[in-house]
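Colleague: kindly return the folded structure for what I paste below:
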Amino acid sequence: MNPNDSQRPPSVDALARDLAVRHDLPHAVLVDCARSAIAAGNPADADRLATEFHTSLLRDVVNATGVLLHTNLGRAPIHFSRQARASTLEFDLATGERGSRQSSIGKLIATMCGAEAALVVNNNAAAIMLVLGALADGRDVAVSRGESVEIGGGFRIPDVLEQSGARLIDVGTTNRTRLRDYAKAVDSKKNDIALLLKIHPSNFSVNGFVEETPVSQLATLGVPVVADIGSGFIDETCPWLSGPAPSWLAGEPAAKQALQAGASLVTFSGDKLLGGPQCGIIAGNADLIAQCNAHPLARALRPGALVISALQDVALAYLDKRVTTDIPFWAMATTTVEALRIRAQHIIDTTGVGKLVETSALPGAGSTPGASIPSIGIVVAGNHLSALRNRPLPVIARVVDGSTVFDLRSCFAHDDDELIAALKSLPVR
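Modeller: Numbering: from 1, shown residues only. Below you'll find the predicted structure:
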């Protein structure tokens with residue numbers, strides 16, 4: 001036997017086969033983990049690499065953070081399933097000819113918003129980009145300095161305008177922008193204003209000595225107004241609810257009212273307050289929607305059949321007023337505090353773990369900045385976040401003052417058994 005054999009690293013294949021005993025991952029992935037560990041001179045590290053890869057895979061979790069639209073957890077949760085069959089994505093059953101993927105969903109969304117027409121793209125950033133590229137390429141777009149914002153992921157309004165080919169014209173000041181500031185930009189012979197872009201700064205609020213110009217005033221200047229309302233709130237009267245609109249929605253701009261106020265177009269996300277899949281929606285004047293749909297970017301930014309099908313279900317739920325039963329976000333948001341209290345007490349009684357506590361849940365995803373929703377949680381002494389994340393079905397909670405809090409407003413009742421199992425597994429009594 002060669003005395004140097006004990007110093008040789010294992011073969012990649014042998015190490016990958018050894019990993020397969022402990023990790024349910026494709027052989028090719030395990031080979032990659034084995035190769036990386038051997039190349040780094042530490043074959044034993046392959047197990048850690050395989051574990052980290054498995055943990056990084058997209059999977060379901062129980063959201064007990066109290067943030068209903070948690071950006072890192074996929075924003076609006078949706079239930080969607082369909083048979084493995086072809087669909088009429090671009091097929092007209094009446095004629096047997098090619099159809100449009102935008103036709104039916106556009107009509108549904110337009111009806112919801114009180115618009116002439118609507119168009120769906122893959123997210124709201126894409127919606128803004130398409131509107132600017134189709135309607136303002138090579139021309140000027142006026143934006144209040146107080147609305148020239150940056151949102152998550154480094155998405156900056158000035159950068160989007162630059163990429164679209166439009167030119168940014170700053171108007172007003174950071175805290176106050178009046179109608180005359182926009183009028184000055186429109187009337188200036190130096191400018192070629194194609195659009196007035198009003199951005200809802202949904203991820204922050206400015207208080208104090210502030211002033212903004214509403215859509216109704218901007219619409220008097222004779223230039224198309226594009227209102228990016230961001231969060232996807234459809235109608236401030238919430239006709240899908242049996243009672244008045246919740247107080248936590250106060251001040252949140254809505255698509256229907258923005259269009260009624262004179263906006264030519266509104267843009268918003270589908271996976272926020274709308275409660276649907278990730279997508280971007282453009283709704284408003286039919287001629288402007290047609291220009292957007294005809295632009296080359298429209299094909300690059302179009303959504304696929306899964307998104308359109310899921311969004312169709314959401315739109316039909318709104319129009320049929322089945323929102324609080326069929327759209328998970330609204331079911332969570334409208335559950336009574338008393339119902340949450342009953343669930344929490346049952347979980348505590350069953351496990352003998354934790355104490356009931358009143359909490360404040362958040363809509364999340366940059367919607368309704370500063371607003372909160374009364375909620376109920378279960379508090380357990382100590383920080384247990386790591387153990388909860390490592391469960392077969394991970395539970396994502398939060399730590400407050402050294403204790404772990406499970407907020408039930410962001411958890412569905414069908415996950416209460418998972419919460420019970422998670423609490424029973426904790427090393428506390």
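Colleague: next one: phi and psi at residue 362?
Modeller: Main-chain dihedrals, residue 362, degrees, to the nearest 10: phi -120, psi 140.
Colleague: did I read that right, residue 141 in a strand?
Modeller: Yes: under DSSP: H, G, I helix; E, B strand; the rest coil, residue 141 falls within a strand.
Colleague: contact partners for it?
Modeller: 132, 161, 166, 167, 168, 169, 193, 194, 195, 196, 197 (CB atoms under 8 Å, 6 or more residues apart in numbering). For every residue, glycine as well, the C-beta is placed using N, CA and C.
Colleague: cool, residue 361 as well?
Modeller: Contacts of residue 361 were listed using CB under 8 Å, 6+ apart, and they are 66, 67, 68, 372, 373, 374, 375, 407, 409, 410.
Colleague: picking up where we left off before, among the contacts of residue 141, who's most crowded?
Modeller: residue 197 (29 neighbours; other CB atoms under 10 Å).
Colleague: for that one, give the beta-bridge partners.
Modeller: residue 143, residue 226 (DSSP bridges).
Colleague: which ones among the contacts of residue 141 lie within strands?
Modeller: 167, 168, 169, 193, 194, 195, 196, 197 (DSSP state E).
Colleague: quick check: the two most widely separated of the residues you listed?
Modeller: 167 and 196 (13.7 Å; CB to CB).
Colleague: that older thread, tell me which of the contacts of residue 361 fall in strands.
Modeller: Those of those lying in strands (DSSP E): 67, 68, 373, 374, 375, 407.
Colleague: quick one: which two of these are the most distant?
Modeller: 67 and 374 (14.7 Å).
Colleague: so which of those two has more stuff around it?
Modeller: Neighbour totals were compared for residue 67 and residue 374, and residue 67 leads with 21 against 14 (other CB under 10 Å).
Colleague: I'd say the more buried one and residue 366 touch.
Modeller: No: contact between residue 67 and residue 366 fails when scored by CB atoms under 8 Å: they sit 11.1 Å apart.
Colleague: same question for the helix or strand hosting residue 229, mean pLDDT?
Modeller: Element membership of residue 229, judged by DSSP states H and E, is strand 225-230. Averaging pLDDT along strand 225-230 gives 94.
Colleague: quick check: next helix or strand after that strand?
Modeller: Moving toward the C-terminus from strand 225-230, the first helix or strand encountered (DSSP H and E) is helix 255-260.
Colleague: how about that following helix: buried residues?
Modeller: 255, 256, 257, 258, 259 (16 or more other CB atoms under 10 Å).
Colleague: ok, the second one - contacts?
Modeller: Right, the one you point to is residue 256. Residue 256 touches 112, 113, 114, 234, 235, 236, counting by CB under 8 Å, 6+ apart.
Colleague: same question for residue 124.
Modeller: 228, 230, 267, 268, 269, 280, 281.
Colleague: where's the closest residue to the fifth one other than its chain neighbours relative to residue 223, distance?
Modeller: Nearest residue to residue 269 in three dimensions, chain neighbours excluded: residue 124, at 4.2 Å (CB to CB, 6 or more residues apart in numbering). Residue 124 sits 22 Å away from residue 223, taking CB to CB, to the nearest Å as the criterion.
Colleague: same thing with residue 422?
Modeller: 55 Å.
Colleague: more neighbours: the two, which one.
Modeller: Set side by side, residue 422 and residue 223 show more neighbours around residue 422, with 25 against 20, by other CB under 10 Å.
Colleague: so that one touches residue 391, yeah?
Modeller: Yes: Residue 422 is in contact with residue 391 according to CB under 8 Å; the separation is 6.0 Å.
Colleague: list the buried residues of the helix or strand containing residue 109.
Modeller: Secondary structure from DSSP H and E places residue 109 in helix 103-113. For helix 103-113, the neighbour count (16+ other CB under 10 Å) marks 105, 106, 108, 109, 110, 112, 113 as buried.
Colleague: possible to save the residues you listed as a markdown table with distance to residue 321 and pLDDT?
Modeller: Below are the buried residues of helix 103-113 laid out as a markdown table (distance: CB to CB, whole Å; pLDDT from 0 to 100):
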| residue | distance to residue 321 | pLDDT |
| --- | --- | --- |
| 105 | 19 | 97 |
| 106 | 21 | 97 |
| 108 | 14 | 98 |
| 109 | 16 | 98 |
| 110 | 18 | 98 |
| 112 | 11 | 96 |
| 113 | 16 | 96 |
